[in-house]
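> Give me coordinates for this.
(chains A, B, C and D)
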2 protein chains.
Amino acid sequence: MTDVRDEGRATAAVGGSGPSDKAPMREALIEAAFQLFLVHGFERTTVDDIVARAGVGRRSFFRYFPSKEDVVFPEHERCLAEMSAFLTTSTDGEPLDVICDAARLVMRMYAANPEFSVQRYRLTREVPSLRGYELSVVHRYERTLAHYLRQRYAGDHAGALRAEVQAAAVVAAHNNGLRTWLRGGGRGDAAKAVDQSLTFVRQTWGSVGESAESGTAPAPEDDVIVMVAPRSTPIWRVVQKIEKTLEDD
Amino acid sequence: MTDVRDEGRATAAVGGSGPSDKAPMREALIEAAFQLFLVHGFERTTVDDIVARAGVGRRSFFRYFPSKEDVVFPEHERCLAEMSAFLTTSTDGEPLDVICDAARLVMRMYAANPEFSVQRYRLTREVPSLRGYELSVVHRYERTLAHYLRQRYAGDHAGALRAEVQAAAVVAAHNNGLRTWLRGGGRGDAAKAVDQSLTFVRQTWGSVGESAESGTAPAPEDDVIVMVAPRSTPIWRVVQKIEKTLEDD
DNA sequence: CGAGAGTATGGCACTCAGTGCCCTGCGTAA
DNA sequence: TTACGCAGGGCACTGAGTGCCATACTCTCG
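Residues are numbered from 1 along each chain as shown, chains lettered A, B, ... in the order given. Prediction:
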């Protein structure tokens, strides 16, 4: 053990010379932690084990990570901040589409590092404390999305309710798509899996067809009309309404 | 302190005579815990404080509650079991309506003890570890509901996705209504608040009006047609389709 | 070049949740 | 009566997380 520590200190002393030492401490801790987690599991690895392997002091671990669980989700803070920033600059467009785009930021964070994400997924599935941590993170995303919708729906009747239900639905759909991708070993297309799931939610509240995904407007042939009318409505009223909708072009 | 312990042991010794001593230990611990939580807060109350007040040994606390957080949510295990039982016996009816009824079991648990629920709500809002615990409980309810829907939707295209999104939506709506009631001090009608929120979800997926609440079928005048078609569809095809739909009566 | 301030890190001791092990006391069955 | 089972208590231990202080490195100002 003393050998490892001395070795670590020596490395740290030489530290400044390496080209990849921008955030040595944090990265070293994450790397050491995952090596140990994958071999011995999360619970049977102590913080002392991690810092010994990383060759740093135990106290430093808790300077970089508020808890042992945090080392498993090192980029969620940043992603959460990105989501907030994205939403504050997205003041128009269908609110539901905006939060779907916001949710895709999370998917992209996972997709940027498939092996790491899959390893973490497997770890999280079997360690209760990690599941709990993940729930709290997911909850923060959901609250962020709901907060945005609540502002957009301000003044609407039951706007807060709609905001919370839609945020929950988007998060559930996003996670459904993401889990599908993760269960497949991270080898498929994460964006495709998540988009398919999100489409269900967007269809549910009828925001499909007016999305701003691509810069080009969707072809008129792909446009849809959704009509809701009492069944007793006379045919001529229906035709009139459809013709009027088409004239709006 | 020794006085309290002796008192406690004396009570336990006389125990068998009282009519309300079915589960003395557990109840005593819950009562002692909440008295201390409300005065000193959750985090500044140690398990030692609780057992001292209850007059029992520290080791016994962890025989009745796996963690300090569990003492704050003493009835959720039972409620979860009731929900599972309810769902296994509910094999017909609109799936969405069934899980709404299941969610109401949770509301009723809260409503059965308004003061306790409101106290706990305030506690949970300001203690991070309790928020985390609550998230895990809510997640278990959601999983239970989703599991039920997945079975009911088995075979449908994207049934699993629909199951998870709807379960999330119902939980979000339920909690929205419940929180409204809790923020009002638990003085209003919890069932009404939750029902209003759940109605939004049931309307979203169109299970309002065909519910089995009243025996009478909805009037035909309330029936609706929802048409989805490419905007380029010729008018005559639209008319044809609508007429065909009406003929089906 | 040297003093001082700010910052990053390590070391240490402490609290507290949670666990394993064993002991005691009590009731019960043979 | 003894033997057994069980609920509870005592005790010691692990491990996460924290507060405090010492050290060392860096940057700046004179």
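> So which residues of chain A form helices?
For chain A, the helices defined by DSSP state H cover A:2-14, A:24-40, A:47-54, A:58-64, A:76-88, A:95-111, A:114-126, A:128-152, A:159-183, A:190-204, A:235-247.
> Can you check which of the ones you listed gets nearest to chain B?
Chain B lies closest to helix A:159-183 among those, at 3.5 Å (CB to the nearest CB). Placement of C-beta: from N, CA and C, glycine included.
> For chain A, what lies in contact range of DNA strand D?
When proximity is defined as CB under 7 Å from any atom of the strand, chain A approaches DNA strand D at A:Gly16, A:Thr45, A:Thr46, A:Val47, A:Asp48, A:Arg58, A:Arg59, A:Phe62, A:Pro66, A:Ser67, A:Lys68, A:Glu69.
> Same list, the residues you listed, but as a markdown table with pLDDT and distance to chain B please.
Listed next are those as a markdown table, based on pLDDT from 0 to 100; distance: CB to the nearest CB, whole Å:
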| residue | pLDDT | distance to chain B |
| --- | --- | --- |
| A:Gly16 | 33 | 38 |
| A:Thr45 | 98 | 21 |
| A:Thr46 | 98 | 20 |
| A:Val47 | 98 | 19 |
| A:Asp48 | 98 | 23 |
| A:Arg58 | 97 | 23 |
| A:Arg59 | 97 | 22 |
| A:Phe62 | 98 | 16 |
| A:Pro66 | 97 | 11 |
| A:Ser67 | 97 | 11 |
| A:Lys68 | 98 | 14 |
| A:Glu69 | 98 | 10 |
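> buried subset of those?
By neighbour count, with 16 or more other CB atoms under 10 Å in any protein chain shown, the residues of chain A next to DNA strand D hold A:Thr45, A:Val47, A:Lys68, A:Glu69 as buried.
> what sits against the residue sitting nearest the centre point of chain A?
Of all residues in chain A, the one closest to the mean position by CA atoms, centre = their mean is A:Val106, 2.3 Å from it. Taking CB atoms under 8 Å, 6 or more residues apart in numbering or on different chains, we find A:Val106 in contact with A:Cys79, A:Met83, A:Tyr141, A:His174, A:Leu178.
> one more time with 7 Å
With contact taken as CB atoms under 7 Å, 6 or more residues apart in numbering or on different chains, A:Val106 is in contact with A:Cys79, A:Tyr141, A:His174.
> coming back round to it: deepest of the helices of chain A, which one?
helix A:159-183 (a mean of 23; mean count of other CB atoms under 10 Å in any protein chain shown).
> quick one: A:Leu198 and A:Met107, what's the gap?
Shown here: A:Leu198 relative to A:Met107, a distance of 9 Å by CB to CB, to the nearest Å.
> Ok, A:Val171 next?
According to CB to CB, A:Val171 and A:Met107 sit 12 Å apart.
> Distance check, A:Gln151 against A:Ile99.
A:Gln151 sits 11 Å away from A:Ile99, going by CB to CB.
> how near is the spatially closest residue to A:Arg140 that is not a sequence neighbour to A:Val138?
Of all residues not flanking A:Arg140 in the chain, A:Leu80 sits nearest, at 6.0 Å (CB to CB, 6 or more residues apart in numbering or on different chains). Noted for A:Leu80: a distance of 11 Å to A:Val138, by CB to CB.
> Same check on A:Leu87?
17 Å.
> And A:Ala193, by the same measure?
In this view, A:Ala193 and A:Val138 are 17 Å apart by CB to CB.
> contacting residues for A:Ala160?
Applying CB under 7 Å, 6+ apart to A:Ala160 gives the contacts A:Arg150.
> So which of the helices of chain A is nearest B:Met25?
Ranking those by proximity to B:Met25 (CB to CB) places helix A:128-152 first, at 25.5 Å.
> pLDDT weak spots in chain A?
A:1-23, A:209-249 (pLDDT under 70).
> for the nearest residue to A:Pro114 once chain neighbours are set aside, what are its contacts?
Counting by CB to CB, 6+ apart, A:Gly186 is the residue found nearest to A:Pro114 once chain neighbours are left out, at 3.4 Å. For A:Gly186, the contact set (CB under 7 Å, 6+ apart) comprises A:Pro114, A:Glu115, A:Ser117, A:Val118.
> measure A:Gly186 to DNA strand C for me?
To DNA strand C, A:Gly186 is 32 Å away according to CB to the nearest atom of the strand, to the nearest Å.
> isn't A:Gln196 right up against A:Gly177?
Yes. Contact criterion CB atoms under 7 Å: A:Gln196 and A:Gly177 qualify, at 6.2 Å.
> Please render the contacts of A:Gly186 as a markdown table that adds distance to DNA strand C to the earlier fields.
Shown next, in a markdown table, are the contacts of A:Gly186 (distance: CB to the nearest atom of the strand, whole Å):
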| residue | distance to DNA strand C |
| --- | --- |
| A:Pro114 | 30 |
| A:Glu115 | 27 |
| A:Ser117 | 27 |
| A:Val118 | 29 |
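> Please convert these to TSV, extending it with distance to A:Asp156.
Listed next are the contacts of A:Gly186 as TSV, based on distance: CB to CB, whole Å:
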residue	distance to A:Asp156
A:Pro114	40
A:Glu115	44
A:Ser117	37
A:Val118	41
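> and which of those is nearest A:Val165?
Set against A:Val165, the nearest of the contacts of A:Gly186 by CB to CB is A:Ser117 (28.1 Å).
> Assess the claim that that closest one and A:Gly184 are in contact.
No. Counting by CB under 7 Å, A:Ser117 does not reach A:Gly184; the two are 11.7 Å apart.
> The contacts of A:Gly186: which two are farthest apart?
A:Glu115 and A:Ser117, at 7.3 Å, using CB to CB across the contacts of A:Gly186.
> Mutual contacts of A:Leu198 and A:Met107, please.
Joint contacts of A:Leu198 and A:Met107 (CB under 7 Å, 6+ apart) are A:His174.
> one step back: common neighbours of A:Ser117 and A:Gly184, please.
Between them, A:Ser117 and A:Gly184 share no contacting residue under CB under 7 Å, 6+ apart.
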